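# Prediction below, plus the sequence it came from.
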Amino acid sequence: MRQFSERRISIKGVDEMRELGLELAAALEPGDIIAMVGNLGTGKTTLSKYIAEGLGVTEALSSPTFNIVKEYRSGRLPLFHFDVYRLSSGDDLVDIGAEDYLYGDGVCLIEWADIVADILPEETIVIRLEYGENEGAREVTIC
Amino acid sequence: MLDGKHITLGIESSCDETAVGIVADGRELLANVISSQIDIHTKFGGVVPEIASRKHLENINRVIDAALGEAGITLDQVDLIGVTKGPGLVGALLVGVAAAKALAWTKGIPLVGVNHMHGHIASNYIEHKELEPPFMSLVVSGGHTNIIMVDDYNTCRKLGSTRDDAAGEAFDKVARVIGLGYPGGPKVDRAAKEGDRDAIPFKRVYLEKGSYDFSFSGLKTQALNYINTERQAGRPIDVNNIAASFQEAVVEVLVDKAVAAALEYGQKRIVMAGGVASNSRLRELITERAGACGIEILRPSPVLCTDNGVMIACSAYYAYRKGETSDLTLDADPALEF
């Protein structure tokens, strides 16, 4: 499991968000789980899109809010993109069969991951996204 | 067979609903049973969806029984079984697929795996008896936003789709931002009737020229920014105006692109499908703009707009007539494309 050292990054706009996504993607290994935490509109889906691009996913990555999870298999590693906003706990995620994904050989990106934090493994990479001072700016914490 | 008519039973369990529909000769609705509408024991009053495979498993047999009862037939009279094979949640899909295979095998009934999205379009065949392909279709729901050229029954070309949030999802998210709650679609629709759709200049996102793709995720950020600015300036927030202006921004882009696609492909009909097809402003504006170009608008009634088994039965019937059947190796395909 990849270990990321804790760091804080200030991002000015989508270009820098893309750089971050591509950089993260380059380091990902099978079984990695990225938990994304942040309010509505802080860029969780946008960052996911760039991580997918970095993995070489060719399909368009759209929001999985309604479907809870979408699978993409065209990249360097299988990508399982979750949005657990509609769930109420980790048990709900287990109920839809998520353990096969979490302990599988792909990469899991989980939006609104704080909701299911109780079942995520310790090695999970947590990315916090917050609004920055200016429009388009974001504060990102990775640990 | 029932009175000489071919009977298809359709099973749908791709996401929130366990549903079974029964149709005669592909188009006549005999039964439409949806679990959320018969389940009075939901823990959250039906607000939180039952996406768990376990829930589908608890529901499936009694939903099948209820549908047979509603149609007034027995399993022995069923000539074909259709089931959603994808796209959707793998665990949820598997429950329907396993139930369908078990029925098909024990009763010796032919089986057809159906694409859920073809099903949504097929829901129109039930209520518009004269409708036949080809036509243009606008599929708008909580999970999908697509412009589809329907060349034949179950034969579709995807011309455009959302690059981020689906239209219905944008409604849900903006409803959350302005405190209207879930489900957002009907609530925004209602609030918008009391608001001014020109009050706030939400950006219409058309993407590249000639593109039939959509992008709605920026709208929720715009709504958030607008509310912050107004609060900082000490001005009151008019929820109805935000709802009306936001809705107009979504609806206008949907309508413009659907009409442009129909014109480019020389289609005289736009057939709507999915839950957002029930939005009153979308219906009004698309009827007006398409009408001005001599294009007819068709859509199913709200009960057939959301996920149901009738549309799966209908789609299965037409697949079977083309000679398609599935064997007992049929599997769920969560990422199935149009």
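That came in fine, so what should we check first?
# can you tell me the helix or strand for residue 100?
No chain in the question, so chain A it is. helix A:99-102 (DSSP states H and E).
# meant chain B, my bad for not saying
helix B:90-107.
# Check which element follows that helix along the chain.
By DSSP H and E, the next helix or strand past helix B:90-107 is strand B:111-115.
# Can you list the buried residues in the helix holding A:Asp100?
Residues A:Tyr101, A:Leu102 are the ones in helix A:99-102 that count as buried (16 or more other Cβ atoms under 10 Å in any protein chain shown). C-beta here means a position set from N, CA and C on the backbone, and glycine is covered the same way.
# Would you point out the helix or strand in chain B whose mean pLDDT is lowest?
Within chain B, confidence by mean pLDDT, DSSP states H and E is lowest for helix B:35-38 among all helices and strands, at a mean of 70.
# Please state the backbone phi and psi of the residue in the stretch 101-250 of chain B positioned nearest to chain A?
Chain A sits closest to B:Gly143 of the stretch 101-250 of chain B, with a gap of 3.4 Å, by Cβ to the nearest Cβ. Main-chain torsions, B:Gly143, degrees, to the nearest 10: phi -110, psi -10.
# Could you do the one 5 residues further on as well?
Here the main-chain torsion angles of B:Ile148 (degrees, to the nearest 10) amount to phi -130, psi 130.
# can you tell me which residues contact residue 104?
Using chain A here. With contacts defined as Cβ atoms under 8 Å, 6 or more residues apart in numbering or on different chains, A:Gly104 is in contact with A:Gly31, A:Pro78, A:Phe80.
# try again with chain B
B:Ala104 neighbours (Cβ under 8 Å, 6+ apart): B:Ile81, B:Pro110, B:Leu111, B:Leu328.
# State the pLDDT value of it.
Note for B:Ala104: predicted pLDDT of 97.
# I'd like to know how far it sits from A:Leu93.
According to Cβ to Cβ, to the nearest Å, B:Ala104 stands 32 Å off from A:Leu93.
# can you check B:Ala92 too?
Applying Cβ to Cβ to B:Ala92 and A:Leu93 gives a distance of 13 Å.
# These two - which one has more neighbours?
B:Ala92 (31 against 27; other Cβ atoms under 10 Å in any protein chain shown).
# right, and that one touches B:His56 too?
Yes. With contact defined as Cβ atoms under 8 Å, B:Ala92 reaches B:His56; the gap is 5.4 Å.
# Which residues are in contact with each of the two?
In contact with both B:Ala92 and B:His56: B:Ser13, using Cβ under 8 Å, 6+ apart.
# sorry, back to before: quick one: which of the contacts of A:Gly104 is the most crowded by neighbours?
A:Phe80 (22 neighbours).
# Now do the same contact list for that residue.
A:Val69, A:Lys70, A:Glu71, A:Tyr72, A:Tyr101, A:Gly104, A:Gly106, A:Val107, A:Cys108, A:Leu109.
# From chain B, how far off is it?
10 Å (Cβ to the nearest Cβ, to the nearest Å).
# can you confirm that residue is in a strand?
Yes. According to DSSP: H, G, I helix; E, B strand; the rest coil, A:Phe80 belongs to a strand.
# For it, name its beta-bridge partners.
A:Glu71, A:Cys108 (DSSP bridges).
# sec struct for B:Lys158, please.
Strictly by three-state DSSP, B:Lys158 counts as strand.
# got the contact list for it?
B:Asn146, B:Ile147, B:Ile148, B:Glu337, B:Phe338.
# just B:Asn308 next, same as before
Contacts of B:Asn308 (Cβ under 8 Å, 6+ apart): B:Glu12, B:Glu17, B:Ala19, B:Gly21, B:Asn32, B:Ile34, B:Ser123.
# where does it sit relative to chain A, distance-wise?
B:Asn308 is 16 Å from chain A, by Cβ to the nearest Cβ.
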